[in-house]
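**Student:** Give me coordinates for this.
(3 chains)
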Amino acid sequence: MTELNFSERVYEQVCRIPRGSVATYGQIAALAGNPRNARVVGYALHSNPKPGIIPCHRVVFRDGSLAPGFAFGGPERQRELLEAEGISFIPPKDNESKPAGADGWLVDLARCQWKA
DNA sequence: CACCTGACCGTGG
DNA sequence: ACCACGGCCAGGT
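**Tutor:** Okay, here's the model as predicted:
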């Protein structure tokens, strides 16, 4: 029943992310008990069995970029939500090409990454 | 029942 | 510093 524990674990951790902070898939995976299982973390969230109670928008990439395409309604939508929560965002630099998945906006993990 | 893909991450060349 | 590949786990077809 590892899968049930794992998925539930992921949801638990994600729900535990304090407002104004963000966590990475790897971090959630590590908290779930499998640091290499970051992939399944994304699966669990994509599955999103409990929409509305799981702040998936607080989960970002290791690079600080938001999830591509999927978004729960749009990458910019996620940016608005995170920004509304008090998350610090770093606008894309024209000179510095950053691998931004969403809008090019990166979350300031150095400031907002949730510390378990 | 077996195969394949997938919201990722880390390391090597 | 950048590009590429592999690995791990779970869920769906």
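**Student:** where exactly do the helices run in chain A?
**Tutor:** All helices of chain A, identified by DSSP state H, fall at A:2-16, A:25-32, A:38-47, A:75-85, A:109-112.
**Student:** winner for burial among these?
**Tutor:** Highest mean neighbour count among these (mean count of other Cβ atoms under 10 Å): helix A:25-32, with a mean of 22. (Each C-beta comes from the backbone N, C-alpha and C, glycine too.)
**Student:** Give me the distance from that one to the chain's centre.
**Tutor:** Relative to its chain's centre, helix A:25-32 lies at 11 Å (Cα atoms, centre = their mean, to the nearest Å).
**Student:** Quick check, pLDDT for the residue nearest the centre of chain A.
**Tutor:** Centroid-nearest residue in chain A: residue A:59, 1.1 Å away (criterion: Cα atoms, centre = their mean). pLDDT for residue A:59: 93.
**Student:** DNA strand B contacts on chain A?
**Tutor:** A:24-26, A:29, A:36, A:38-46, A:48, A:56, A:59, A:61-63, A:67-68, A:70-72 (Cβ under 7 Å from any atom of the strand).
**Student:** DNA strand C contacts on chain A?
**Tutor:** Within chain A, the positions near DNA strand C by Cβ under 7 Å from any atom of the strand are A:2-4, A:6-7, A:34, A:36-40, A:43, A:47.
**Student:** try 6 Å this time
**Tutor:** A:2, A:3, A:6, A:7, A:34, A:36, A:37, A:39, A:40, A:43 (Cβ under 6 Å from any atom of the strand).
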